[in-house]
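# Fold the stuff below for me.
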Amino acid sequence: MLKAVRFDIYTTDEQGNHYDIEMQVSDPHNIAKRIRYYQTASSMEAYDKGQPYEQADDSYVIFFCNFDSFQLGQQRYVLHKHIDEIPEQIIEDGQTDILFNVPSLRHDVDPKMQAFLDMIAQRKVEATDPLVVKLKERIAVVKRNRKWRSEYMRRSVYEMDQEMREKKIREGERKIRDGKLELLEGKREIKEGQDRLKEKEQLIQEREQKLHENQQTIIKTSIVAMKALNIDETTIRKEIKEKFNLSDKEIKDYFAE
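The predicted model follows:
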């Protein structure tokens, strides 16, 4: 089933470059796959039907995240494709992914972007900055607009539902993985138990064989000793049979040797 594309902000500039801007409040722990999804959707818009590939517009996916996307301490991450064997060789395919770590205090971006990030993070911002003034004015308008507030709430509920569904899917996948691991562990324990049982059975057989051999030696030694004392064979047979609980055939075999 195809997944619906829902952009927070989608726009183009005068050169035809496409921009998808997303706000990410909570860490979904799948940010790389999420970027790929939005980049794919945005890139499709950059190709006109019948247009040569080299004329395709550039596509930018920009994420403002309320967390460090890759836990590497950077304020901004710019992603491009590169050749694994030559990491410094960037592939110019017109796709660029940019992620901003909103809580970061590094100030590695230009002043206007820093002011915007400070506003998102609700940090103190100079009110004289033209961008800040304009953004504050727009925010005030949005707060007074009932329709926009309703749309914001609707989108928030949708996003929460989406996150909940994704969380349940991840939880289900985790349970499946845990179940498979438990099954493998159970099979391993059964195999080890079978191996131990087999070893014990073999040890018992060896001990029984040893006892049998010892008994044979004792019986043969006893027969030889009794014959040396000139005890008649009938008496020897009777004594050995009763003492060692032997059958007539077993007694016969001993005296046939």
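
# Where does the prediction get shaky in the stretch 151-257 of the chain?
151-162, 257 (pLDDT under 70).

# Show the model's pLDDT score for Ala46.
Ala46 carries a pLDDT score of 65 in this model.

# Dump the helix or strand containing Ile62 to CSV, restricted to CA.
Per DSSP states H and E: Ile62 is located in strand 59-65. In CSV, the C-alpha atoms belonging to strand 59-65 read as follows (Å, rounded to 0.1, in the frame of the first residue of the first chain):
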residue,chain,number,x,y,z
SER,A,59,15.6,19.1,-4.6
TYR,A,60,16.3,20.1,-1.0
VAL,A,61,14.8,18.4,2.1
ILE,A,62,15.3,20.4,5.3
PHE,A,63,14.6,19.1,8.8
PHE,A,64,14.5,21.3,11.9
CYS,A,65,14.8,18.7,14.7
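
# Quick one: residues in contact with it.
17-24, 27, 31, 35, 38-39, 42-43, 45-46, 69, 94-102, 117, 120 (C-beta atoms under 8 Å, 6 or more residues apart in numbering). C-beta: built from backbone N, CA, C; applies to glycine.

# give me that answer again for 7 Å
The contact list for strand 59-65, computed with C-beta atoms under 7 Å, 6 or more residues apart in numbering, reads 17-24, 35, 38-39, 42-43, 46, 94-102, 120.

# Quick one: mean pLDDT over it.
The model assigns strand 59-65 a mean pLDDT of 93.

# Which SSE is immediately downstream of that strand?
strand 76-79.

# Any buried residues in that following strand, and which?
Buried positions in strand 76-79, judged by neighbour count with 16 or more other C-beta atoms under 10 Å: 77, 79.

# ok but Gln202 is inside a helix, no?
Yes - assessed by DSSP: H, G, I helix; E, B strand; the rest coil, Gln202 belongs to a helix.

# Show the contacting residues for Gln75.
Counting by C-beta under 7 Å, 6+ apart, Gln75 touches 100-101, 104, 106, 108-109.

# Please, where are all the strands along the chain?
Assigned by DSSP state E, the chain shows strands spanning 9-12, 18-24, 59-65, 76-79, 82-83, 86-90, 95-101.

# Dump these to CSV, plus distance to Lys220.
Output for the strands of the chain, formatted as CSV (distance: least, C-beta to C-beta, whole Å):
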stretch, distance to Lys220
strand 9-12, 99
strand 18-24, 89
strand 59-65, 89
strand 76-79, 87
strand 82-83, 83
strand 86-90, 82
strand 95-101, 89
